[in-house]
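[1] fold the following for me, if possible:
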Amino acid sequence: MGEQDIFPNGMRNDQLDNETIYTWFERLGYGDYGKAIDGTWYAKIPNGPHAGSHGNLKNHIVTEHEDGTITVSPSILVEYGDGKSWHGYLEKGIWRTV
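    Okay, here's the model as predicted:
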C-alpha cells in the first residue's frame with residue numbers, strides 16, 4: 001500500500017436558509033462539507049490539481065456523528081474532463097487520499 005496524505009482541515013459548513021447554492025459553494029473552503037437546504041450533502045476536495053472542486057454525495061452513505069462531523073462511504077472518486085481525478089475518504093471530518 002502506498003503512502004497516504006491526511007488532511008484534518010475538513011469543516012462542516014451547512015447552507016444557510018438565506019443563501020443560494022452558488023453563494024454557499026463559494027463560501028466553502030477546501031475540504032469543507034455540508035448539507036444543502038434540500039438535504040443533499042456536498043463536499044469540496046481538499047487537495048490536488050482541482051482542489052476546491054465540489055460535488056454532491058448523493059451516491060454515498062453519509063453518517064453524521066455526534067460531534068457534527070461526517071463519514072462518507074464508499075470512497076469518494078471525483079473525475080475531471082482533463083483525465084485527472086481525486087480519490088479518497090472522508091472519515092469523521094478527516095480527508096485521506098487513497
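
[2] most centrally placed residue in this protein?
    By Cα atoms, centre = their mean, the chain has its centre lying nearest to residue 43, at 2.5 Å.

[3] then it would be within a strand, right?
    Yes - using DSSP: H, G, I helix; E, B strand; the rest coil, the secondary structure at residue 43 is a strand.

[4] who are the neighbours in contact with it?
    Counting by Cβ atoms under 8 Å, 6 or more residues apart in numbering, residue 43 touches 10, 31-34, 54-55, 57, 72, 76, 90. Every C-beta, even on glycine, is put in place using the N, C-alpha and C of the backbone.

[5] ok, and the most crowded of those?
    Compared across those, residue 90 has the highest neighbour count, 26 neighbours, by other Cβ atoms under 10 Å.

[6] so what does the strand of greatest length in the chain touch, helix or strand wise?
    With secondary structure taken from DSSP state E, the chain has its longest strand at strand 70-79. Contact partners of strand 70-79 among helices and strands, from 3 or more Cβ pairs under 8 Å, 6 or more residues apart in numbering; DSSP states H and E: strand 41-44, strand 61-64, strand 85-91.

[7] most tightly packed of those strands?
    strand 41-44 (a mean of 21; mean count of other Cβ atoms under 10 Å).

[8] strand partners of that one, parallel vs antiparallel please.
    For strand 41-44, the paired strands and their directions (DSSP bridges) read strand 33-35 (antiparallel), strand 54-56 (antiparallel).

[9] contacts for the longest strand of the chain next, please.
    With Cβ under 8 Å, 6+ apart as the contact definition, strand 70-79 has outside contacts at 12, 33, 41, 43, 45, 50, 53, 55, 57, 60-65, 85-93, 98.
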